[in-house]
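**Q** Sequence and predicted structure below; questions after.
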Amino acid sequence: MSLDSITLYIVATMIAALLGAMLLFFGRQESNSALKWWGSAYLIGAASVAIWTLAGHVLGEGISLTLNAIGFIACGMVWNAARAFHGRKLNYPGVVLGAIAWVAAVVSLDPRDAALRLTIGAAIVAIYAALTATELSSERRKSQQQRWPAFAIPVMHGAVLMLPIILGDFFHPSEASQRFGASIWVTIFSIELVLYAVGTVFVIFMAVSERTVTAHKNAASTDPLTGMFNRRGFAEACSRVIDREAIAGRPVTVLIFDIDHFKRINDRFGHPAGDELLKLFATIVVNNLRLSDLSGRIGGEEFAALLPCPLDEGVVAAERVREAFEGCGIVCDEEKVDTTVSIGVAGGPAGTELEVLLASADTALYQAKRGGRNRVEAAEEVPLSLEDWRRKSAGVGVPLVSTGPAIA
């Protein structure tokens, strides 16, 4: 059965226009500039292709040239939409560069050299498709398996467009345009155009959905004031690190920080000043710990950190934080603010649960407060409560770590 290429092109443009309207609607609803760019590009591209397909034979050379240029501008807009989605600066010259190159080629070439003009036009679309594929697959946080559809769909589009023209130019240079127009590739490209439009929108919505889920998940596990983990996020992240270190047989250490006399600071200088102090302390903690260490705000003026290291190294890190906070020299209303912190430190062998470490570090913290504050105290007892870890290890076949007798 023979498929009418014009009918296929019309169906493709109608689908592209419908998808474009949908993208534009959601872009306005969500105030998402990337979706607005994508939707506008689909609508503009669909309109130019539809007009050229239906009335190209009766339009003048200048109008046909303009419609083709508008189609290339739509390709540039799709590329910029991908840039906007990843927060990159829009490349406005790049939007029109393809159209300018096309117009320059048409004006400078012999009108009878239709094959070369067709090849140049296809090359421009293929270049934009490759640029779009690069942008859509540039999210480094995703695995390659998750990113491949975003890369493959635009590349497939450019390849399907370019292959028949390249083969036609290679085998039949003088009849490339005629043979391409009459070949099965026109039908294949028409069908592929539909698949490309639908597939690209699927990738867009998949990426937007995943980004929204990630944003909600981050919001649920992040303290909005300091940007650190909140109690829930800290506990979840620590659980993963403790399990990882237990498999390797490495110890872990927990630090609990409590800013001294924070209520007095709030009452004297106001809550805005207190909030600024909390943000400053959070910055000091992050800057004085390693990238492999976890930290979070687990209460009002209480912070915690998990360090994959022995107890003695944790004490050194705690002293570093204490000294940095004490020496920050904050002045509010021309009055020096006392910036001191009490810190409790507790360490345990591989597989020690977070709750046990926190309880032991909390005991050490109260010892630091009773000892005069602005000091670091390490837990005297080694907390050992490994029943949960032993049960999990027995279930998955992980070698158990010898930890010695438990202390009640």
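**A** Now that the structure is in, tell me what you want to look at.
**Q** hey, where'd the helices end up in the stretch 101-250 of the chain?
**A** Here the stretch 101-250 of the chain has its helices, by DSSP state H, counting those that start in this stretch, at 114-136, 144-171, 176-182, 184-221, 231-248.
**Q** Can you tell me which of those helices has the worst average pLDDT?
**A** Here the lowest mean pLDDT among these goes to helix 176-182, at a mean of 45.
**Q** just checking, Gly344 is part of a strand?
**A** Yes: looking at Gly344 with DSSP: H, G, I helix; E, B strand; the rest coil, it is inside a strand.
**Q** Check the burial of it by counting its neighbours.
**A** By the measure other Cβ atoms under 10 Å, the count of residues near Gly344 is 27. All C-beta spots, glycine's among them, are computed from the backbone N, C-alpha and C.
**Q** Show me what it bridges to in the sheet.
**A** With DSSP bridges as the criterion, Gly344 is bridged to Ile256, Glu377.
**Q** That one and Thr363 touch, don't they?
**A** Yes: using Cβ atoms under 8 Å, Gly344 is in contact with Thr363, at 6.9 Å.
**Q** hey, what's in contact with both of those two?
**A** Residues touching both Gly344 and Thr363 by Cβ atoms under 8 Å, 6 or more residues apart in numbering: Ala379.
**Q** following the helix or strand that contains Lys36, which helix or strand shows up next?
**A** In this assignment (DSSP states H and E), Lys36 forms part of helix 33-55. For helix 33-55, the following helix or strand on the C-terminal side (DSSP H and E) is helix 61-85.
**Q** The closest residue in space to Ala101 that isn't next to it in sequence: how many residues sit nearby?
**A** Excluding its sequence neighbours, the residue lying closest to Ala101 (Cβ to Cβ, 6 or more residues apart in numbering) is Ile124, at 6.1 Å. The tally of other residues near Ile124 (other Cβ under 10 Å) stands at 22.
**Q** residue contacts, Ile124?
**A** Per Cβ under 8 Å, 6+ apart, neighbours of Ile124: Phe72, Cys75, Gly98, Ala101, Trp102.
**Q** ditto for Val106
**A** So Val106 contacts Leu65, Arg117 (Cβ under 8 Å, 6+ apart).
**Q** Please give me every residue in contact with the closest residue to Ile120 other than its chain neighbours.
**A** With Cβ to Cβ, 6+ apart as the criterion, Ile120 has its nearest non-adjacent residue at 4.7 Å, and that residue is Ala105. Contact analysis of Ala105 by Cβ under 8 Å, 6+ apart lists Leu116, Arg117, Ile120.
**Q** Could you export the residues you listed as a markdown table, including neighbour count and distance to Asp312?
**A** A markdown table is the format used below for the contacts of Ala105 (neighbours: other Cβ atoms under 10 Å; distance: Cβ to Cβ, whole Å):
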| residue | neighbour count | distance to Asp312 |
| --- | --- | --- |
| Leu116 | 17 | 74 |
| Arg117 | 18 | 75 |
| Ile120 | 16 | 69 |
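**Q** Out of the residues you listed, which comes closest to Met22?
**A** Ile120 (32.2 Å; Cβ to Cβ).
**Q** Surely that closest one touches Ala101?
**A** Yes: look at Ile120 against Ala101 with Cβ under 8 Å: they come within range, at 7.5 Å.
**Q** what sits in contact with each of these two?
**A** The contact sets of Ile120 and Ala101 do not overlap (Cβ under 8 Å, 6+ apart).
**Q** Tell me which stretches of the stretch 251-400 of the chain form strands.
**A** Along the stretch 251-400 of the chain, counting by DSSP state E, counting those that start in this stretch, strands occupy 252-259, 294-297, 302-307, 331-332, 335-336, 341-348, 376-378.
**Q** Direction included, what does the fourth one pair against?
**A** Which is strand 331-332. For strand 331-332, pairing defined by DSSP bridges yields strand 335-336 (antiparallel).
**Q** So what touches the partner strand?
**A** Contacts of strand 335-336 from elsewhere in the structure, counted by Cβ under 8 Å, 6+ apart, are Gly329, Ile330.
**Q** What of stretch 254-262?
**A** By Cβ under 8 Å, 6+ apart, the list of residues contacting stretch 254-262 reads 265, 274, 277-278, 281, 285, 298, 300-307, 314, 317-318, 321, 338-347, 354, 357-358, 360-362, 364-365, 369, 373-374.
**Q** how about 6 Å then?
**A** The contact list for stretch 254-262 (Cβ atoms under 6 Å, 6 or more residues apart in numbering) reads 301-306, 318, 340-346, 357-358, 361-362, 365, 373.
**Q** can you check stretch 82-97 too?
**A** Ser33, Ala34, Trp37, Ile73, Gly76, Met77, Asn80, Thr132, Glu135, Leu136.
**Q** Farthest pair within these?
**A** Distances among the contacts of stretch 82-97 were taken as Cβ to Cβ; the most separated pair is Ile73 and Leu136, at 19.4 Å.
**Q** higher neighbour count, these two?
**A** Each of Ile73 and Leu136 has its neighbours counted (other Cβ under 10 Å); Leu136 has more, 26 against 20.
**Q** Who are the contact partners of Val341?
**A** Applying Cβ under 6 Å, 6+ apart to Val341 gives the contacts Phe257, Ile259, Arg322, Phe325.
**Q** What degree of burial does Glu334 show, as a neighbour count?
**A** Applying other Cβ under 10 Å, we find 5 residues neighbouring Glu334.
**Q** quick one: it and Pro272, what's the gap?
**A** Per Cβ to Cβ, to the nearest Å, Glu334 is found 17 Å from Pro272.
**Q** Could you do Gly372 as well?
**A** The gap separating Gly372 from Pro272 is 29 Å, by Cβ to Cβ.
**Q** and what of Val331?
**A** The gap separating Val331 from Pro272 is 15 Å, by Cβ to Cβ.
**Q** again, but for Gln367
**A** Look at Gln367 and Pro272: by Cβ to Cβ, they are 33 Å apart.
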